[in-house]
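Novice: Structure, please.
(6 chains)
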4 protein chains.
Amino acid sequence: MLKERRLEQVFQSGIEVFSQKGFHKASISDIVRRAGIARATFYLYFKNKRHLLSRLLGYLLQELDQRIKSIELGEGQPPPLEQLRANLTRIITFGLEEPQLIQMLFRHDVGLDEDLDQELHRFYERVTDRIEWALRLGIEMGLVRACHTKVIAYSVLGGIKEVMKQIASKQISALDVQATVESLLEFGLRGVLVGSVER
Amino acid sequence: MLKERRLEQVFQSGIEVFSQKGFHKASISDIVRRAGIARATFYLYFKNKRHLLSRLLGYLLQELDQRIKSIELGEGQPPPLEQLRANLTRIITFGLEEPQLIQMLFRHDVGLDEDLDQELHRFYERVTDRIEWALRLGIEMGLVRACHTKVIAYSVLGGIKEVMKQIASKQISALDVQATVESLLEFGLRGVLVGSVER
Amino acid sequence: MLKERRLEQVFQSGIEVFSQKGFHKASISDIVRRAGIARATFYLYFKNKRHLLSRLLGYLLQELDQRIKSIELGEGQPPPLEQLRANLTRIITFGLEEPQLIQMLFRHDVGLDEDLDQELHRFYERVTDRIEWALRLGIEMGLVRACHTKVIAYSVLGGIKEVMKQIASKQISALDVQATVESLLEFGLRGVLVGSVER
Amino acid sequence: MLKERRLEQVFQSGIEVFSQKGFHKASISDIVRRAGIARATFYLYFKNKRHLLSRLLGYLLQELDQRIKSIELGEGQPPPLEQLRANLTRIITFGLEEPQLIQMLFRHDVGLDEDLDQELHRFYERVTDRIEWALRLGIEMGLVRACHTKVIAYSVLGGIKEVMKQIASKQISALDVQATVESLLEFGLRGVLVGSVER
DNA sequence: CATGAATGAGGGTTCATTCAT
DNA sequence: TATGAATGAACCCTCATTCAT
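Specialist: Reported below is the predicted structural model:
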């Protein structure tokens, strides 16, 4: 399975180079040099430079997607709050495990390719939709205060993104995943003010 | 004042092109064509392409900075909450007034230039520092719950950034600035759960 | 008029390189080196390599077209035979004057580009159509023997092309244009056998 | 005879690809894909791409050579005219039977390789030499009018080449070989004018 | 000051050919 | 023998920047 080995090398090199230099400044030379292969070999595995980035981002989004599970209600399910906590924990943990992938993601928010832009856009919309849906559910159940769900959803998304970014760039020493998750949860649920009653 | 007129045109063109295409895909041709000047003329006003972006981002950061005033305590000052609300209102309003500048900002978060990166980084640190400082002050005053101030600060920053991004790209119909501001405030102060006591 | 000078230089270099190496083996480097300009300068004048060849062949076909005048009947016109002779003379003379253009033409008979192929095809069809038309006219007038006009037309065309090719490559020492023209005329009109009666 | 089968397949594929795309645009991939063999296998049979074309053209020239027999005089031989007619018939027939080979030939008149050019050049010279020789013989025998034999020889060659080209590309519906041959013969022998006496 | 013309460095991609199995 | 994988040389083209007027 030499071939798979090669592919893995190119993937890894791509992640490193794209996360450090960004798509435009990353040259095929950079990537193949790091992967230890010849220039033309690259094109055996990928149609072109964009194709590699597309594959990498696709993989990343998939991994993230898998870590975000919809809140399920009903008998035998953990309480919603627990499910929320689990989601956050998985995401933050992933950010710690794969900081380069996360950096790569945040360097290519927009503007590379019609298709890629779309894919990213859809991913983020999927996430905000889930958040909004959860908020609406909470409102119906009387747990969540009536609010402008769209604004709050984007706000939540943005908060998580920024924290992930800082974690990925080691600005937050988030070795203590648990504390970070709890901070985020507390903030999102009760805000910063004191005096919120305990549930 | 012909010269200033020229400069203004180039600035405007730069904003438009950079916000639409991003730095790398934006070509000098694009900019000068839109500004109605000759290629070489561009270099009379700017050392190079990055210089223009640098100037534009510098201007933007300055504008943002001006709109974020430190919370001042003491007699004769409006209550802190009011000052917070005023800050948010100014920022959101600015995002509505200058969506292209905001989009330009978010397309160049990182990776263009050592110096530019630094400048942006410093700006965001200044903002988070202020947020952290305010949080700590609130904690001391017994208004704010003890928390991981760094995580919360980034979370707040991220939330505002994301909302600004959506406003700038018209995803949020934030014609009603006030409602958006209140939503953000409520969320940040009390979170989403019901049952928070009124102060 | 420096610009025109430049253009002329590129044209000339293109003719030389294309006629010697053919389109595919000719590199932009070859052309610009010979023209004494920088690589990028080439692209100020031509969209790409094919564009240059296209322009050159277009020019050539136009020149050839101008030298082939339709046989005009009627009072005050030179006799048809004379017009025929004049056409041939102009073409052969042109081949002597511009051997490289002719060689360039014959190196790119087909297969470069859908559009270019079409253009060449149309040119040759125009020529054969004229020949056929002249033959049919001659038959109607009782001057020309009934024959398979299409086959004869292609045969005539081919004969002239081959002679031009040899002239352009100096295989035929056609310094004596007149003799060559007469030979071709005689051959086409009366064939090789003796005993053809004089008209 | 598996090997011969392989070789035959490659030959056939080469003919098809070279005749359709020409040497430069034909890729080894095209050829091996069509032949149903692996890339490297190609190089077991041929030194390189040019080698294949060389072999194919060599074969073609040989076939053509075989079909052009020198005019033999003397007792027991068919009359010269008959021999001429037979030559033409064989050539034209061959063009109908193997149009792709003919197209391949005409796409590579010149400019591929020093050696190949030479070979083609020698072939055509051999043909024109034969034609010239026949013309001179005819002149000596009083059958052929004195003329510039070289020009006429090229003219004859060119006529036949062009007609072959059109036949190979189906532009002339030469299903009726006999008529085409007679047309060519008549034209070459007596030209287009009426009034040539019968021999 | 303003400009159109000119440039060279550099990038992505292709493809004939060879290697290792 | 047969092959898929690997290679490096070469090429076209773009573009930010400078020159000469």
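Novice: tally of neighbours for A:A179?
Specialist: The tally of other residues near A:A179 (other C-beta atoms under 10 Å in any protein chain shown) stands at 12. All C-beta atoms are positioned from the backbone trio N, CA, C, and that covers glycine.
Novice: List the residues that contact the closest residue to it other than its chain neighbours.
Specialist: Counting by C-beta to C-beta, 6 or more residues apart in numbering or on different chains, A:A179 lies nearest to B:H148, which is 6.2 Å off, once chain neighbours are set aside. Each residue near B:H148 by C-beta atoms under 8 Å, 6 or more residues apart in numbering or on different chains is listed here: A:A179, A:T180, A:S183.
Novice: What's the first helix or strand after the helix or strand hosting A:L7?
Specialist: Assigned by DSSP states H and E, A:L7 belongs to helix A:2-25. Downstream of helix A:2-25, the next assigned helix or strand under DSSP H and E is helix A:28-35.
Novice: Buried residues of that following helix, list them for me.
Specialist: Buried residues in helix A:28-35, counted by 16 or more other C-beta atoms under 10 Å in any protein chain shown: A:I28, A:D30, A:I31, A:V32, A:A35.
Novice: residue ranges for the helices of chain A, please.
Specialist: Along chain A, counting by DSSP state H, helices occupy A:2-25, A:28-35, A:39-45, A:49-67, A:80-97, A:99-107, A:114-140, A:149-168, A:177-190.
Novice: Return the most buried member of the ones you listed.
Specialist: Highest mean neighbour count among the helices of chain A (mean count of other C-beta atoms under 10 Å in any protein chain shown): helix A:149-168, with a mean of 24.
Novice: which other helices and strands contact it?
Specialist: Where contact means 3 or more C-beta pairs under 8 Å, 6 or more residues apart in numbering or on different chains; DSSP states H and E, helix A:149-168 is packed against helix A:80-97, helix A:99-107, helix A:114-140, helix A:177-190, helix B:149-168, helix B:177-190.
Novice: touching chain B at all, the third one?
Specialist: Yes: Helix A:114-140 comes into contact with chain B (C-beta under 8 Å from any C-beta of the partner chain), by way of A:L135, A:G138.
Novice: re the thing from before, put together TSV for the helices of chain A, with mean pLDDT and distance to DNA strand F on each row.
Specialist: Below are the helices of chain A laid out as TSV (pLDDT from 0 to 100; distance: least, C-beta to the nearest atom of the strand, whole Å):
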stretch	mean pLDDT	distance to DNA strand F
helix A:2-25	90	4
helix A:28-35	96	8
helix A:39-45	96	2
helix A:49-67	96	14
helix A:80-97	95	28
helix A:99-107	95	19
helix A:114-140	94	16
helix A:149-168	96	28
helix A:177-190	94	38
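Novice: And those: which comes nearest C:S54?
Specialist: Ranking these by proximity to C:S54 (C-beta to C-beta) places helix A:39-45 first, at 29.8 Å.
Novice: just the CA coordinates of the closest one, formatted as CSV?
Specialist: Below are the C-alpha coordinates for helix A:39-45, written out as CSV (Å, rounded to 0.1, in the frame of the first residue of the first chain):
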residue,chain,number,x,y,z
ARG,A,39,6.3,17.8,-8.8
ALA,A,40,4.5,15.7,-11.4
THR,A,41,3.7,13.0,-8.8
PHE,A,42,1.4,15.5,-7.1
TYR,A,43,-0.7,15.5,-10.2
LEU,A,44,-1.1,11.7,-10.1
TYR,A,45,-3.2,12.2,-6.9
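Novice: which helices and strands sit right next to that helix?
Specialist: Here helix A:39-45 touches helix A:2-25, helix A:28-35, going by 3+ C-beta pairs under 8 Å, 6+ apart.
Novice: between those helices, which gets nearest to chain B?
Specialist: For these, the distance to chain B is smallest for helix A:2-25, at 4.0 Å, taking C-beta to the nearest C-beta.
Novice: right, is the closest one up against DNA strand E?
Specialist: No: Helix A:2-25 lies apart from DNA strand E when judged by C-beta under 7 Å from any atom of the strand; the minimum separation is 7.7 Å.
Novice: which residues does the spatially most central residue of chain A contact?
Specialist: The centre of chain A sits closest to A:L64, judged by C-alpha atoms, centre = their mean, with a distance of 5.2 Å. Going by C-beta under 8 Å, 6+ apart, A:L64 touches A:I91, A:F94, A:F123.
Novice: Is any residue of stretch A:115-123 near DNA strand E?
Specialist: No: on the criterion C-beta under 7 Å from any atom of the strand, stretch A:115-123 is out of touch with DNA strand E, staying 13.9 Å away.
Novice: Please enumerate residues in contact with that stretch?
Specialist: If you take C-beta under 8 Å, 6+ apart as the criterion, stretch A:115-123 is touched by A:R50, A:L53, A:S54, A:L57, A:G58, A:L61, A:L64, A:D65, A:H108, A:D109, A:V110, A:G111.
Novice: Nearest to chain D, out of those: which one, please.
Specialist: Among the contacts of stretch A:115-123, A:R50 lies closest to chain D (C-beta to the nearest C-beta), at 22.9 Å.
Novice: quick one: contacts for the closest one?
Specialist: Contact analysis of A:R50 by C-beta under 8 Å, 6+ apart lists A:F23, A:L112, A:D113, A:L116.
Novice: Check the gap between it and A:Y124 for me.
Specialist: Per C-beta to C-beta, to the nearest Å, A:R50 is found 20 Å from A:Y124.
Novice: Also A:G14?
Specialist: From A:G14 to A:Y124 the distance is 22 Å (C-beta to C-beta).
Novice: With A:L184 instead?
Specialist: Computed with C-beta to C-beta, the distance linking A:L184 and A:Y124 is 18 Å.
Novice: go on, A:W133?
Specialist: 15 Å.
Novice: And A:Q66, by the same measure?
Specialist: Distance of A:Q66 to A:Y124, computed by C-beta to C-beta: 16 Å.
Novice: now A:K49
Specialist: Relative to A:Y124, and taking C-beta to C-beta, A:K49 is found at 24 Å.
Novice: For A:I139, give me its contacts.
Specialist: Applying C-beta under 8 Å, 6+ apart to A:I139 gives the contacts A:R145, A:A146, A:C147, A:T149.
Novice: any chance of those residues in a markdown table, plus distance to C:A168?
Specialist: Shown next, in a markdown table, are these (distance: C-beta to C-beta, whole Å):
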| residue | distance to C:A168 |
| --- | --- |
| A:R145 | 89 |
| A:A146 | 88 |
| A:C147 | 84 |
| A:T149 | 80 |
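Novice: Could you turn the buried ones of these into a ChimeraX selection?
Specialist: Provided next is the ChimeraX selection string for whichever of the contacts of A:I139 are buried by 16+ other C-beta under 10 Å:
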select /A:145,147,149
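Novice: For DNA strand F, state which of the contacts of A:I139 is nearest.
Specialist: Among the contacts of A:I139, A:T149 lies closest to DNA strand F (C-beta to the nearest atom of the strand), at 41.7 Å.
Novice: Surely the closest one and A:R136 touch.
Specialist: Yes: if you go by C-beta atoms under 8 Å, A:T149 and A:R136 touch, sitting 6.0 Å apart.
Novice: ok, back up a step: so how far is A:V163 from the residue nearest to A:A179?
Specialist: When B:H148 is compared with A:V163 (using C-beta to C-beta), they lie 10 Å apart.
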